[in-house]
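**Student:** give me coordinates for this.
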Amino acid sequence: MIFNLNLFYKIVFWISLIGLIAIISDFGFSQTPISKRFLDDFYFIVIGIGITATFLRYFHNLDLLKRNVFFIDLLSVIFTLWVFYMYLFVGVPFETDLLLENPIWVKIAVAFTFIREYSELKINFKRNILNPV
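**Tutor:** Coordinates of the predicted model:
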């Protein structure tokens, strides 16, 4: 296979981690209009890549449909697609629905993407050598 999916999933994890760091910096510091626009565009890149990775996971391995996490994945993808729809296709972002006036929903979608990618990591904590020093 020309395209290495494991490498792609690792890249998606790191992009989602950078997205989470961007959310923290966005909440913690005041932004210029240019940097605010850059962060908003980056958030949509993160959630777009996250949805792509989720679809590739289920398309590549249909046995994942039987896992308990499928329902949570489905809800997160529906939520993210809803955010995309409201922000990109309705026209003026989040002004048509009073519940959605605050674009915090985009940041929540980025956080869902990070949680999803982090939960897929396979971390091996077994060590052959234990050095207490």
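**Student:** where's the closest residue in space to residue 20 that isn't next to it in sequence, which helix or strand?
**Tutor:** Distances taken as Cβ to Cβ, 6 or more residues apart in numbering place residue 114 nearest to residue 20, at 4.7 Å, with adjacent residues excluded. Glycine gets a C-beta too; all of them are placed from N, C-alpha and C. Counting by DSSP states H and E, the element that carries residue 114 is helix 104-119.
**Student:** what is that helix packed up against?
**Tutor:** The contact analysis (3 or more Cβ pairs under 8 Å, 6 or more residues apart in numbering; DSSP states H and E) places helix 104-119 against helix 5-28, helix 33-60, helix 70-84.
**Student:** who touches it?
**Tutor:** Applying Cβ atoms under 8 Å, 6 or more residues apart in numbering, the contact partners of helix 104-119 are 9, 12-13, 16-17, 19-20, 22-23, 26, 40, 43-44, 46-47, 49-51, 53-54, 69, 73, 76, 79-80, 83, 86-87, 94.
**Student:** got any ranges where the protein has weak pLDDT?
**Tutor:** Scanning the chain for pLDDT under 70 picks out the ranges 1-3, 64-66, 90-103, 122-133.
**Student:** tell me the centre residue of it?
**Tutor:** By Cα atoms, centre = their mean, the chain has its centre lying nearest to residue 113, at 2.1 Å.
**Student:** quick one: the residue nearest to that residue when sequence neighbours are not counted and residue 117, what's the gap?
**Tutor:** Distances taken as Cβ to Cβ, 6+ apart put residue 50 closest to residue 113, at 3.3 Å, once the chain neighbours are dropped. Distance of residue 50 to residue 117, given as Cβ to Cβ, to the nearest Å: 7 Å.
**Student:** next, show the common contact partners of those two.
**Tutor:** Shared contacts of residue 50 and residue 117 (Cβ under 8 Å, 6+ apart): 12, 16.
**Student:** picking that back up, what's the burial count for the residue nearest to residue 20?
**Tutor:** By other Cβ atoms under 10 Å, 21 other residues sit near residue 114.
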